[in-house]
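Chemist: Sequence isn't available, so here's the structure alone:
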Ligand code: TRP
Ligand code: ZN
């Protein structure tokens, strides 16, 4: 018998008692004092990824995030480079177990209020192991040394497996320039004129409470209020025109496609927005900083002018473009790299043509199909780099074979060949071999199984794991199935051996 049928007798009474009825929610556990059947236990504080043990969380799946943000960028120099963010995150989730409590990831910012299904929780100190906490409560653990940043929520009544719940977190604080595990800027990176927001791999938690791992994809809505004159750009498309009142402008964006948290952005700056449509009907929204240097502005506009042709080429090579729109956010500040934020990559100071091709290819390879564990990063970067090679060849530049030969010209005693591409370690996510040996692996695979099986494997991969995540082993299985060849030894040599493979 399902929990639902067991408790229907109490439904009406409980609905009447509930402070707020959640539209579309199953009000099951709001009713029974305790879920029956399996005991309710805490959700895990991580998604089970050994590179980032506390990123993501267990016990629930987020369906949708609605982020209502207000942001005050820093004052002009010599004021410190510190902004002020306040937010209300409305998180619609489904419990995947009977839940005594569960975590969200949130780094640094203060929490002012937590509600679950309209019932407010009280802030308490973190309990010691085994200690019980009375009633609906929440607490924080912020352990920088362990990269453990958690907001734990104890809902009362407890959530029942399969139950939908709405969690509302009101939060905020100063924003600075956070760094990832290897010291690169990421997350909500405060800039003099706004913020460059790029979260890979687990920096989304620097600006909203989140299950910060690609295995928990969700849809997103954004309402971003900034001082009048500033432009806020997020993923997807505008839901309505911006609204200005009392010197503040609210920008509305809607990202209805499944999206991993590391691909979320809500960048703020002195942008000019350009909106267009490709011949094939895809909406393109570009946000280009007004303060790029003249040379960077010229390079950027030439690159962005090629986007429609690149989309057409990758659609013909891979599969249909996976999301509702594309475009670019080009900031005059720099985080030192570009990121493939979903539908709208972020570029530092300039968007070169090869980088635009790379970030566009990620929309398929990385965004529509994402790594199940961060050790699979080569599936993103190897593929996006290989797509750069393909675009160069397509647009009259160097052939993919020539790019491959350039990688194979690296001497066998170079440390480049010592990285295990299929497991580079959390400090090795973005090292050159992940990109270049990753791309070379794909070219070698193409030489091994032939063009037909190679591109058919790519398409099969994208169809089979669309809107989801997958591993290197899943990729190998697709290639073996499509080609009919055993590729164990091939992938061991290219991805798991810390020495140079023989040149095919
Ligand atoms: N994923 C980005 C790209 O290749 C690169 C990236 C993300 C990166 N974080 C980084 C590169 C940190 C260097 C350092 O499109
Ligand atoms: Zn990349």
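Modeler: Thanks, I have the structure now. This is a predicted model, so every value here is computed, not measured. Ligands and ions are numbered 1, 2, ... in the order given.
Chemist: When you work out contacts or count neighbours from here on, use the C-alpha atoms and nothing else.
Modeler: Will do.
Chemist: Next, the residue in the stretch 401-504 of the chain positioned nearest to ligand 1: secondary structure please.
Modeler: Going by C-alpha to the nearest ligand atom, ligand 1 is nearest to residue 430 of the stretch 401-504 of the chain, at 5.1 Å. Here residue 430 is recorded as coil under DSSP: H, G, I helix; E, B strand; the rest coil.
Chemist: Just the pLDDT for it.
Modeler: Turning to residue 430, the model gives it a pLDDT of 98.
Chemist: Isn't residue 278 up against residue 305?
Modeler: No - taking contacts as C-alpha atoms under 8 Å, residue 278 lies outside contact range of residue 305: 10.5 Å.
Chemist: Which one of the two is surrounded by more residues?
Modeler: Taking other C-alpha atoms under 10 Å, residue 278 and residue 305 do not tie; residue 278 has more neighbours (15 against 11).
Chemist: Output the set of residues of the stretch 201-350 of the chain in proximity to ligand 1.
Modeler: Residues of the stretch 201-350 of the chain found near ligand 1 (C-alpha under 6 Å from any ligand atom) are 337, 338, 339, 340.
Chemist: how close does the last one get to residue 500?
Modeler: What it means is residue 340. 29 Å (C-alpha to C-alpha, to the nearest Å).
Chemist: okay, these two: which has more neighbours?
Modeler: residue 340 (28 against 20).
Chemist: contacting residues around that one?
Modeler: Residues near residue 340 by C-alpha atoms under 8 Å, 6 or more residues apart in numbering: 263, 346, 359, 360, 362, 363, 367.
Chemist: Just the ones of those residues in helices?
Modeler: Applying DSSP state H to the contacts of residue 340, the entries found in helices are 359, 360, 362, 363.
Chemist: any idea which of those is the one closest to ligand 1?
Modeler: residue 359 (5.6 Å).
Chemist: Just to check, that closest one is in contact with residue 342?
Modeler: No - Residue 359 is not in contact with residue 342 according to C-alpha under 8 Å; the separation is 9.3 Å.
Chemist: so how far is ligand 1 from the residue nearest to residue 234 when sequence neighbours are not counted?
Modeler: Distances taken as C-alpha to C-alpha, 6 or more residues apart in numbering place residue 266 nearest to residue 234, at 4.2 Å, with adjacent residues excluded. Noted for residue 266: a distance of 16 Å to ligand 1, by C-alpha to the nearest ligand atom, to the nearest Å.
Chemist: Could I get the contacting residues of residue 266?
Modeler: Counting by C-alpha under 8 Å, 6+ apart, residue 266 touches 196, 197, 222, 224, 232, 233, 234, 235.
Chemist: repeat that with 7 Å
Modeler: Applying C-alpha atoms under 7 Å, 6 or more residues apart in numbering to residue 266 gives the contacts 197, 232, 233, 234.
Chemist: what do you get for residue 352?
Modeler: 299, 300, 303.
Chemist: same question, residue 353
Modeler: Contacts of residue 353 by C-alpha under 7 Å, 6+ apart are residue 303.
Chemist: which SSE is residue 65 in?
Modeler: Assigned by DSSP states H and E, residue 65 belongs to strand 60-72.
Chemist: Just checking, which helix or strand succeeds that strand along the chain?
Modeler: Counting by DSSP H and E, what follows strand 60-72 is strand 83-95.
Chemist: That following strand vs strand 60-72, what angle?
Modeler: With axes from the mean of the first three to the mean of the last three C-alpha atoms, to 10 degrees applied, the angle from strand 83-95 to strand 60-72 works out at 160 degrees.
Chemist: which other residues reach the host helix or strand of residue 309?
Modeler: Residue 309 belongs to helix 307-317 when elements are defined using DSSP H and E. For helix 307-317, contacts defined as C-alpha under 7 Å, 6+ apart pick out 278, 321, 357.
Chemist: distance of the second one from residue 152?
Modeler: So the one you mean is residue 321. Look at residue 321 and residue 152: by C-alpha to C-alpha, they are 38 Å apart.
Chemist: ditto for residue 348
Modeler: Residue 348 sits 35 Å away from residue 152, going by C-alpha to C-alpha.
Chemist: do the same with residue 173
Modeler: Distance, residue 173 to residue 152, by C-alpha to C-alpha: 19 Å.
Chemist: Looking at these two, which is more packed in?
Modeler: Neighbours per residue, other C-alpha under 10 Å: of residue 173 and residue 152, the larger number sits with residue 152, 22 against 17.
Chemist: for the closest residue to the more buried one other than its chain neighbours, what are its contacts?
Modeler: Spatial nearest neighbour of residue 152, excluding adjacent residues (C-alpha to C-alpha, 6+ apart): residue 103 at 4.3 Å. Residue 103 sits next to 43, 45, 57, 150, 151, 152, 153 when contact means C-alpha under 7 Å, 6+ apart.
Chemist: which residues touch the fourth one?
Modeler: With contacts taken as C-alpha under 7 Å, 6+ apart, residue 150 has the following neighbours: 103, 104, 105, 106, 140, 141, 142.
Chemist: hey, what's it bridged with?
Modeler: In this entry, residue 150 is beta-bridged to residue 105, residue 141, by DSSP bridges.
Chemist: Now do it against residue 424, distance only.
Modeler: From residue 150 across to residue 424, the span is 26 Å (C-alpha to C-alpha).
Chemist: Restricted to buried residues, select the contacts of residue 150 in PyMOL.
Modeler: Filtering the contacts of residue 150 down to the buried ones (16 or more other C-alpha atoms under 10 Å) takes a single PyMOL command:
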select buried, resi 103+104+105+106+140+141
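Chemist: which among the contacts of residue 150 gets closest to residue 293?
Modeler: Lowest distance from residue 293 to those (C-alpha to C-alpha) belongs to residue 106, with 35.7 Å.
Chemist: Confirm for me that that closest one is in contact with residue 148.
Modeler: No - counting by C-alpha atoms under 7 Å, residue 106 stays clear of residue 148, with 9.3 Å between them.
Chemist: so which strand or helix has the residue nearest to residue 479 when sequence neighbours are not counted?
Modeler: Computed as C-alpha to C-alpha, 6+ apart, the closest residue to residue 479 that is not its neighbour in sequence is residue 457, at 5.3 Å. For residue 457, the element it lies in under DSSP H and E is helix 451-464.
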